[in-house]
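Asker: Below: sequence and its predicted model.
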Amino acid sequence: MNEDLDNAPRPEYSNSSGEASVVIDNRDRSRPAGPGLPESLFWIFLFFLLQMIGMVVVIIAMMAVTLQNVEQLQDFQFEPWFEALSPNKKLTVVTAPALVCYVFLIPLGLWRMSPRPLRKLKMDSPSLGQLLVATSLVVPMTVIADSMMQLGELGWAKLVENIPLLEMFQGTDVHEVLGKFNDSTLLLAVFFIAVVPAIGEEFLFRGLIGQGLTRRWGITLGVALTTLLFAGVHMYPPHIFAILPVGLTLHWVYLTTRSFWAPVLFHFLNNALATVLLRVDQDDLETPWFYLPVALAYAVWCFYWLFQMRTRRVPEKSTVPADEQFDSALAQPETSEEPKRYVLKSDTFALPLVIAAVMLALCGYDVVRVLIPQ
């Protein structure tokens, strides 16, 4: 399983369909295979540090845009100034620091993954079957995460009663913070809340940290550590609890599809859905009790079929003569054997595709029903 899901050699080149790509078993072991746990903690520290710097940069830029003259700086107070901003500018001040962070973090991460960082990141497209099953998981995972959020908030409220010092974490609730900017433009909110985190967080936690930890600690422990770190950066304890199944799902999608774009799409849809639903009357979001067991059962079903349809290495079958198929310079030294070549391939099954299509239709209808006023 470890070999199938994550540790196979990387593609030398890939075809445009994303269904298969040729691999040469010739690994570069000159560098450690991605960050270990101490280095992963450093990357997370850098993640927060760059966001703090980004916050300063964004605030200064916004002040330059909104303040009329230098004299206004003499009596400047942040809270009145911030409250006077338009909803779009408030949202930008709060969310744009993440964009500034990733502008620097992603190039640094690519440098850490060198040589051939994009190849190691797995930039091939997932198969259509994998994409359909993975995206059909978004709404069921939202139901699971919301249920865990409610459970976490009950436990957290009791804990805060006993330890009042923990109230300092109350301001880290992302949903509460972002809910204050519901009057901002939806497209701007989707960009900052869904597009930017989908690319940036997936690069950091699945592409960089996740690969390093799974290679060093194995699939089970590596994914568990990455999921804990991913959830931990969300800071608000009930939100951390709710993010755990989402983080696990994102990593499973990445490992089974061998495609960076699959978890990015899942992450985007998950955050975009949350962004839209934040603008809806919360009384309309109550879900029937049976949604949770159905969502749990469907998640297990999808995990199973994503594994069955996983992208894996298979020996390349070809009738082309060896002397035409391989360059003589690629032959193994001092042997007559050509280097082993493989094809990355995924299977497609009709049953999970039909079920996924039905689930997407039902979820789409349910979301539209909530969004459209009765």
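Answerer: Arrived safely.
Asker: For Gln51, which residues are in contact?
Answerer: 97-98, 100-101 (Cβ atoms under 8 Å, 6 or more residues apart in numbering). For every residue, glycine as well, the C-beta is placed using N, CA and C.
Asker: I misspoke; the intended subject was Trp252.
Answerer: 223, 303, 306.
Asker: next SSE after the helix or strand harbouring it?
Answerer: Per DSSP states H and E: Trp252 is located in helix 237-257. Using DSSP H and E, the helix or strand that follows helix 237-257 in sequence is helix 261-277.
Asker: Which secondary structure state does the closest residue to Pro245 other than its chain neighbours sit in?
Answerer: Distances taken as Cβ to Cβ, 6 or more residues apart in numbering place Ile144 nearest to Pro245, at 5.2 Å, with adjacent residues excluded. Three-state secondary structure (criterion: DSSP: H, G, I helix; E, B strand; the rest coil) places Ile144 in helix.
Asker: Then Val314?
Answerer: strand.
Asker: buried set for the helix or strand hosting Trp301?
Answerer: Per DSSP H and E: Trp301 is located in helix 291-308. Across helix 291-308, burial judged by 16 or more other Cβ atoms under 10 Å covers 291-292, 295-296, 298-299, 301-303, 305-306.
Asker: Would you convert those into TSV that also reports distance to Leu128?
Answerer: Shown next, in TSV, are the buried residues of helix 291-308 (distance: Cβ to Cβ, whole Å):
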residue	distance to Leu128
Tyr291	27
Leu292	29
Ala295	24
Leu296	26
Tyr298	19
Ala299	21
Trp301	18
Cys302	15
Phe303	19
Trp305	14
Leu306	13
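Asker: Ranking helices and strands of the protein by mean pLDDT, which lands last?
Answerer: In the chain, the helix or strand scored least confidently by mean pLDDT, DSSP states H and E is strand 11-14, which has a mean of 38.
Asker: so Asp75 sits in a helix?
Answerer: No: Asp75 sits outside any helix when classified using three-state DSSP, being coil.
Asker: and it, how far is that from Thr92?
Answerer: 24 Å (Cβ to Cβ, to the nearest Å).
Asker: Which residue of those two possesses the greater neighbour count?
Answerer: Thr92 (21 against 7; other Cβ atoms under 10 Å).
Asker: Assign the more buried one to helix, strand or coil.
Answerer: helix.
Asker: Now for the nearest residue to Gly232 once chain neighbours are set aside: which residues touch it?
Answerer: Of all residues not flanking Gly232 in the chain, Ile240 sits nearest, at 6.0 Å (Cβ to Cβ, 6+ apart). By Cβ under 8 Å, 6+ apart, the residues touching Ile240 are 152, 231-232, 234.
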